[in-house]
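> Attaching a predicted model along with its sequence, questions to come.
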Amino acid sequence: MEYDVIVVGAGLAGLVATAEIADAGKKVLLLDQEPEASFGGQAWWSFGGLFLVDSPEQRRMGIKDSKELAWQDWLGTAGFDRDADEDYWARKWAQAYVDFAAGEKRSWLQSMGLKFFPVVGWAERGGYLADGHGNSVPRFHIVWGTGPGIVAPFEQRVREHLKSGAVVYKPRHRVDQLISSNGRIVGVNGAVLATSNAARGEASSREAINEFEYSAQAVLVSSGGLGGNPELIRKNWPSRLGNPPEQMISGVPEHVDGRMLSITEEAGGRIVNRDRMWHYTEGIKNWDPVWKNHGIRILPGPSSLWLDAKGNRFSAPNFPGFDTLGTLEAIQKTGYSYSWFILTRKIIEREFALSGSEQNPDLTGKSIKKVLGRALPGAPGPVQAFMDKGEDFIIADNLPELVSEMNKLTGDNLLQVDEIERQIQARDRAIDHTFTKDLQITAIRGARKYLGDKLIRVASPHKILDSKNGPLIAVRLNIVSRKTLGGLQTDLSGRVLSSAGEPIPGLYGAGEVTGFGGGGLHGYRALEGTFLGGCLFTGRVAGRAIVKQLQ
């Protein structure tokens, strides 16, 4: 055979696996349906957060973490309840991943030149019991250089192999079928798509101009999830989260379409946990979109007042940054697919960050000077751009004006200024007291006991209706699609399993197409910083397993 291995998908998991396989002296054919501009896939667009346990960055910030605590948090978050079947391998992958995050993950990445921002973020804070959902301590480590910084070392390794001929990369090659012979996957065929000048993330032509067929000893599927396919999202939407959103914006480009899931299933692979997915609730429409219906997620601090479409404050612990899917369920059960933040100038200056490499030019560009500029008065530049140009932002000097503009924006006229004022006044009165029954105020004060939050992430508690903290700001929040938590079931070598639970010879999976390992190592919920890490881990494991199998 001309190739030892075919890798389908040039995203992060595919690049990691390709690098590992080629490093071992095997020849790899790397195929991707998109133009070369999209090399690196969705990881390039990411904020670059990685889940690490008991890291030097944590210890320097006074954070006491351990593998035991991380595993407790993972189990409380995942909620595995299909242990005998769909969660059997997922749970094993989860344990292996936590071991990796508490072990060699950081040193492995550091050996390739990756560095981390010194302040560790606290994502998915939970808000339930100690053994329930959420991170007990901050674990969100931002890579210096964000998503492009994570992609870079693996891209460099692959491109070195391209020069030597150990890797052959063919963009615009869309795989349509996995070829089977005597029960073994022996290759792929598909369509060569017309050359496209589309920039990264932009829609590219689907015009087929030729056909191809290649054979190899093993095929690795690393094609991503279905976050850019709203029809598939709605088809798999779980009833526990209410009805599927009538309106939803997209956190990933259109080519994240889930095609290879069904193609692999047709070849005998088993898909599990189809109903598990991860969509954000704090989405805003990009005023300068790259792809269709382009959405950006706000990474909020805990202080904004969160109201449903009718102006009712969400109950605890549905506070910003605490429980993504819990709040998604609460929103969808209102019958509307949007909600609101109401906040102040002081809150937006300190607490608003935007997800994505392109929305954080200081971190992405590795500019210490620009990062230090975040401490200056005023909202960060990308946030200010949304305040000035984004359709979801409203700024007003007083509450009646703010509520009037909120009603105009949606056209639903659901909001009553008197009722919203009553709720904000009740919240503001809690600021006057050392003790309070308002759990959001308690959470804000608790967050500021962590130095990282106090310095750069959480505003000092203050009254929303006090004019000296203004102007008032309202943000309409949309559901923004993102990650697939279920997928191809794989064993701990990354081998794709059949419906009978047996490995399909010659077929491997890595990344989001496997639910980031085993068909869903996150279970029902994620601890954040675990998606990129899942691509890194599954790509490495599958790549090394393939090498071992070929020896």
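Looks like it came in fine. What you see is a predicted model; the values in this text were computed from it and never measured.

> how far out from the middle of the chain is the helix or strand bottoming out on mean pLDDT in the chain?
In the chain, no helix or strand scores lower on mean pLDDT, DSSP states H and E than helix 368-372, which sits at a mean of 86. Offset of helix 368-372 from its chain centre (CA atoms, centre = their mean, to the nearest Å): 25 Å.

> Now do the buried residues in it.
Judged by neighbour count using 16 or more other CB atoms under 10 Å, the buried positions of helix 368-372 are 370-371. Where C-beta positions appear, they are placed from N, C-alpha and C, glycine not excepted.

> by contact count, what packs against that helix?
helix 361-364 (3 or more CB pairs under 8 Å, 6 or more residues apart in numbering; DSSP states H and E).

> which stretches of this structure have low pLDDT?
Along the chain, segments meeting pLDDT under 70 are nowhere present.

> on that earlier part again, C-terminal to the least confident helix or strand of the chain, which secondary structure element comes first?
Note on helix 368-372: by DSSP states H and E, the next helix or strand toward the C-terminus is helix 381-389.

> From I504, how far out is the spatially most distant residue from the centre of the chain?
Residue distances from the centre of the chain (CA atoms, centre = their mean) peak at N182, which lies 38.5 Å from the mean C-alpha position. Computed as CB to CB, to the nearest Å, the N182 to I504 distance reads 12 Å.

> One more: G311?
53 Å.

> if you count what's nearby, which of the two comes out ahead?
I504 (24 against 20; other CB atoms under 10 Å).

> give the contact list for the more buried one.
Neighbour list for I504: 183-185, 267-269, 495-498 [criterion: CB atoms under 8 Å, 6 or more residues apart in numbering].

> which among those gets closest to R540?
For the contacts of I504, the closest approach to R540 (CB to CB) belongs to R495, at 14.9 Å.

> by how many degrees do the longest strand anywhere in the chain and helix 381-389 diverge?
As assigned by DSSP state E, the longest strand anywhere in the chain is strand 472-484. Orientation check (axes from the mean of the first three to the mean of the last three CA atoms, to 10 degrees): strand 472-484 against helix 381-389 gives 120 degrees.

> Tell me which other helices or strands strand 472-484 touches.
strand 249-250, strand 277-285, strand 295-299, strand 338-344, helix 345-351, strand 393-396, helix 399-410.

> 7 Å instead, please
Other helices and strands packing on strand 472-484, by 3 or more CB pairs under 7 Å, 6 or more residues apart in numbering; DSSP states H and E, are strand 249-250, strand 277-285, strand 295-299, strand 338-344, strand 393-396, helix 399-410.

> ok now the third one, how far from the chain's centre?
I take that to be strand 295-299. Going by CA atoms, centre = their mean, where strand 295-299 is centred and where its chain is centred differ by 11 Å.

> distance between the next helix or strand after it and the chain's centre?
Later in the chain than strand 295-299, the nearest helix or strand by DSSP H and E is strand 305-308. Computed by CA atoms, centre = their mean, the chain-centroid distance of strand 305-308 equals 23 Å.

> Show residues contacting strand 305-308.
Applying CB atoms under 7 Å, 6 or more residues apart in numbering, the external contacts of strand 305-308 come out as 313-314, 318-320, 331, 334, 339-343, 424, 427, 464.

> One more pass at 8 Å, please.
So strand 305-308 is contacted by 313-314, 318-320, 327, 330-331, 334, 336, 339-343, 420, 423-424, 427, 464 (CB under 8 Å, 6+ apart).

> all helices for the stretch 151-300 of the chain, in order.
Along the stretch 151-300 of the chain, counting by DSSP state H, counting those that start in this stretch, helices occupy 230-236, 259-266.

> Indicate which one of those is closest to R106.
So among the helices of the stretch 151-300 of the chain, helix 259-266 is nearest, using CB to CB, at 30.8 Å.

> For that closest one, list the C-alpha coordinates in CSV.
The C-alpha coordinates for helix 259-266 follow below in CSV (Å, rounded to 0.1, in the frame of the first residue of the first chain):
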residue,chain,number,x,y,z
ARG,A,259,-21.1,13.9,7.9
MET,A,260,-18.4,11.5,9.0
LEU,A,261,-20.5,10.3,11.9
SER,A,262,-23.1,8.8,9.6
ILE,A,263,-20.5,7.6,7.1
THR,A,264,-18.6,5.8,9.9
GLU,A,265,-21.9,4.4,11.2
GLU,A,266,-22.7,3.0,7.7
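
> buried stuff in that helix?
Judged by neighbour count using 16+ other CB under 10 Å, the buried positions of helix 259-266 are 259-261, 263-264.

> Report all helices and strands that that helix contacts.
strand 173-181, strand 271-272, strand 487-488.

> ok, 10 Å please
Contact here means 3 or more CB pairs under 10 Å, 6 or more residues apart in numbering; DSSP states H and E; on that basis helix 259-266 packs against strand 5-8, strand 173-181, strand 184-193, strand 218-221, helix 230-236, strand 271-272, strand 487-488, strand 503-509.

> Run me through the strand neighbours of the longest one, direction for each.
The reference is to strand 184-193. Strand 184-193 sits in its sheet next to strand 173-181 (antiparallel), strand 208-215 (antiparallel), going by DSSP bridges.

> List every C-alpha atom in that strand, with coordinates, as CSV.
Only the C-alpha atoms of strand 184-193 are listed here, as CSV (Å, rounded to 0.1, in the frame of the first residue of the first chain):
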residue,chain,number,x,y,z
ARG,A,184,-11.6,-4.7,7.9
ILE,A,185,-11.5,-1.0,6.9
VAL,A,186,-8.9,-0.8,4.2
GLY,A,187,-9.4,2.7,2.7
VAL,A,188,-11.6,5.6,1.7
ASN,A,189,-13.2,7.0,-1.4
GLY,A,190,-14.9,10.3,-2.1
ALA,A,191,-15.0,13.5,-4.1
VAL,A,192,-12.3,16.0,-5.0
LEU,A,193,-13.9,19.4,-4.5
